[in-house]
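Undergrad: need a 3D model of the following:
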Amino acid sequence: MKAKKFDIDFDTGKDITSALDLTKARRVKQAPKRVNVDFPTWMVDALDKEAQRLGVTRQSIIKVWLAERLERQAG
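TA: Numbers count the residues shown, from 1 in each chain. From the prediction side, this is the model:
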């Protein structure tokens, strides 16, 4: 596919995935990075209670809540 046709297809919302080599695709800034955070016991208990209610892990709920907050701040 020529670059001009690729640009036109992309700009008009057509599916261009067949023109891409997805084996080399990378998600920018998505590599996990470990951090340690100390929470008071009451907070851990509350996180565990909410995580159990939702059927997810404590780590999952922390990541989702932080992501939601950061997205709100950025918007």
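Undergrad: okay, stretch 42-60 in CSV with CA atoms only?
TA: The C-alpha trace of stretch 42-60 is given here as CSV (Å, rounded to 0.1, in the frame of the first residue of the first chain):
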residue,chain,number,x,y,z
TRP,A,42,-7.8,0.9,57.8
MET,A,43,-7.2,1.7,54.1
VAL,A,44,-6.0,-1.8,53.3
ASP,A,45,-9.0,-3.2,55.0
ALA,A,46,-11.3,-0.9,53.0
LEU,A,47,-9.5,-1.8,49.7
ASP,A,48,-9.8,-5.5,50.5
LYS,A,49,-13.5,-5.2,51.2
GLU,A,50,-14.2,-3.3,48.0
ALA,A,51,-12.0,-5.6,46.0
GLN,A,52,-13.8,-8.7,47.4
ARG,A,53,-17.2,-7.0,46.6
LEU,A,54,-16.1,-6.5,43.0
GLY,A,55,-14.4,-9.9,42.7
VAL,A,56,-11.0,-8.4,41.8
THR,A,57,-7.6,-8.3,43.6
ARG,A,58,-6.5,-5.4,45.8
GLN,A,59,-3.8,-4.5,43.2
SER,A,60,-6.4,-4.3,40.4
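Undergrad: give the buried residues for it.
TA: Buried residues in stretch 42-60, counting neighbours by 16 or more other C-beta atoms under 10 Å, are found at Leu47, Ala51. C-beta here means a position set from N, CA and C on the backbone, and glycine is covered the same way.
Undergrad: which residues are in contact with it?
TA: With contact meaning C-beta atoms under 8 Å, 6 or more residues apart in numbering, stretch 42-60 is reached by Phe39, Ile61, Ile62, Val64.
Undergrad: now the first one: closest residue in space, sequence neighbours ignored.
TA: Going back to what we said before, that points to Phe39. Nearest residue to Phe39 in three dimensions, chain neighbours excluded: Leu47, at 7.4 Å (C-beta to C-beta, 6 or more residues apart in numbering).
Undergrad: what separates the one you found from Lys29, distance-wise?
TA: The gap separating Leu47 from Lys29 is 25 Å, by C-beta to C-beta, to the nearest Å.
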